[in-house]
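**Q** Next one to model:
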Amino acid sequence: MSTSGIPSATPPTSAGSPAASAPAPRLTAMAHGGGCACKIPPGELEDAVAALAGQSFGSVLVGLDDGDDAAAVQVRNDLAVLSTADFFTPVVDSAFDWGRIAAANALSDVYAMGGTPVVAINLVGWPREVLPMELLSEVLRGGLEVAQEAGCPVIGGHSVDDPEPKYGMAVTGTADPARLLRNDSAEAGLPLTLTKPLGVGLLNNRHKATGEVFESAVATMTQLNRAASHAALEAGARAATDVTGFGLLGHLHKMMRASGVGAVIDRAAVPMVEGAAEALRDGFVSGGTRRNLDWVRPHLTAGTGITEDDLLFLADAQTSGGLLVVGEVPGHPVIGETVAGSGITVR
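**A** Residues are numbered from 1 along each chain as shown. Here you go, the predicted structure:
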């Protein structure tokens, strides 16, 4: 962990600039929530998107029904096009790192479906009278760096003048229609693999409150899920999702519900990012995390010795989290298993 200070922007000095007499505010201070923790709660969101139900197109392989990470449309017998969009408010105060994290998070939706990103466009909301445009350039530079690592060109985008800064990408990808990783393809009796540690939501919330910089969280959030996706496909996996704003429990619940099976989670096997245990102990739990747990609780059974803090950790709203794969993925921890029935048991 580094606590060496908060990166600050150098404001423009042109006459009449609102930022000319003072440094730009911390990015996280300008947002009501941080990263994927600012998502609309899962229950409310499902109610809202129900208005889109009833569409019938034979080419749509994966649509709205099961809350998958991206839409999949078949364009040839051997080719599906994937489409997704993801953007959020600042999760860190470094504009460059925010751009990197947001890009990795948006690209993850394609990897979570077993696909390859082929093109991205930027989505920007920017308070142009409060934050200097040079800072936006740093956000875009960070996003481009991660997209280039993924081999995905970033071409254009759309921006609006917005009192709260927001950044992300719309990403188009491709996949083999016969090898999609889906929410509705889980079977009972298989291990559950998690490819990144949990707890970045706790550290992001602490960062927003205190200004402390957690390098372990930034490293986790900027790591692409490309290698994990390839490994899952090589291992023969058919069901997967990425763990983001609804937390491990929320995304697991959606996948188990879509597949008609249940799950058991071994709390001691779930990896935790460095510093998250202390952030949990000190109460840096976001409102989004608490809403995640409230949503899943009716479908949750806590075993002997499982505390409320354990459940909050498992519901922690992640930003650019790892893949949750039904099946064993070499090199990553197995955290539980799928079972016949329904609901989630934490032991």
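
**Q** what about the residue nearest to the spatial centre of the chain, which SS state?
**A** Nearest to the geometric centre of the chain sits residue 244, at 3.0 Å (CA atoms, centre = their mean). Of the three states, residue 244 takes coil under DSSP: H, G, I helix; E, B strand; the rest coil.

**Q** How much space separates it from residue 260?
**A** Look at residue 244 and residue 260: by CB to CB, to the nearest Å, they are 23 Å apart. (C-beta placed from N, C-alpha, C; glycine too.)

**Q** Can you tell me what sits against the worst-scoring helix or strand of the chain on mean pLDDT?
**A** Lowest by mean pLDDT, DSSP states H and E among the helices and strands of the chain is helix 42-49, with a mean of 74. With CB atoms under 8 Å, 6 or more residues apart in numbering as the test, helix 42-49 has contacts from 39, 40, 64, 67, 246, 250, 254, 291, 292, 295.

**Q** would you put the C-alpha positions of it in PDB?
**A** What follows is helix 42-49, C-alpha atoms only, in PDB (Å, rounded to 0.1, in the frame of the first residue of the first chain):
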ATOM      1  CA  PRO A  42     -29.800  -5.500  -9.100                       C
ATOM      2  CA  GLY A  43     -33.400  -6.000  -8.000                       C
ATOM      3  CA  GLU A  44     -34.400  -2.500  -9.200                       C
ATOM      4  CA  LEU A  45     -32.400  -3.000 -12.400                       C
ATOM      5  CA  GLU A  46     -34.200  -6.200 -13.200                       C
ATOM      6  CA  ASP A  47     -37.500  -4.600 -12.800                       C
ATOM      7  CA  ALA A  48     -36.600  -1.700 -15.100                       C
ATOM      8  CA  VAL A  49     -35.200  -3.800 -18.000                       C
END
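
**Q** Centre of the chain to it, how far?
**A** Its chain's C-alpha centre and that of helix 42-49 lie 17 Å apart, by CA atoms, centre = their mean, to the nearest Å.

**Q** Same check on stretch 310-329?
**A** 10 Å.

**Q** Then stretch 48-62?
**A** 23 Å.

**Q** buried ones in it?
**A** Across stretch 48-62, burial judged by 16 or more other CB atoms under 10 Å covers 61, 62.

**Q** Same question for stretch 216-232.
**A** For stretch 216-232, a neighbour-count test (16+ other CB under 10 Å) marks 216-218, 220-226, 228-229, 231-232 as buried.

**Q** That one: end-to-end distance?
**A** Taking CA to CA, to the nearest Å, stretch 216-232 runs 24 Å from one end to the other.

**Q** Flag the shaky bits of the protein, pLDDT-wise.
**A** Flagging of the chain using pLDDT under 70 yields the residue ranges 1-24, 33-40, 42-43, 66.

**Q** Quick one: residues contacting residue 74.
**A** Contact analysis of residue 74 by CB under 8 Å, 6+ apart lists 59, 60, 61, 80, 177.

**Q** and which of those residues is nearest residue 142?
**A** Nearest to residue 142 among the contacts of residue 74, counting by CB to CB, is residue 80 at 29.5 Å.

**Q** wait, what's in contact with the closest one?
**A** Contacts for residue 80 were tallied using CB under 8 Å, 6+ apart; they are 61, 72, 73, 74, 115, 174, 175, 176, 177, 180.

**Q** Point out the ones among the residues you listed that are inside strands.
**A** Taking DSSP state E as the definition of strands, those contribute 61, 72, 73, 74, 174, 175.

**Q** one step back: for residue 338, state which of the contacts of residue 74 is nearest.
**A** Set against residue 338, the nearest of the contacts of residue 74 by CB to CB is residue 61 (22.4 Å).

**Q** right, and the closest one touches residue 75 too?
**A** No. Using CB atoms under 8 Å, residue 61 is not in contact with residue 75; the gap is 10.3 Å.

**Q** before we move on, back to that, of the contacts of residue 80, keep whichever come out buried.
**A** Neighbour-count burial (16+ other CB under 10 Å) is assigned, among these, to 61, 72, 73, 74, 115, 175, 177, 180.
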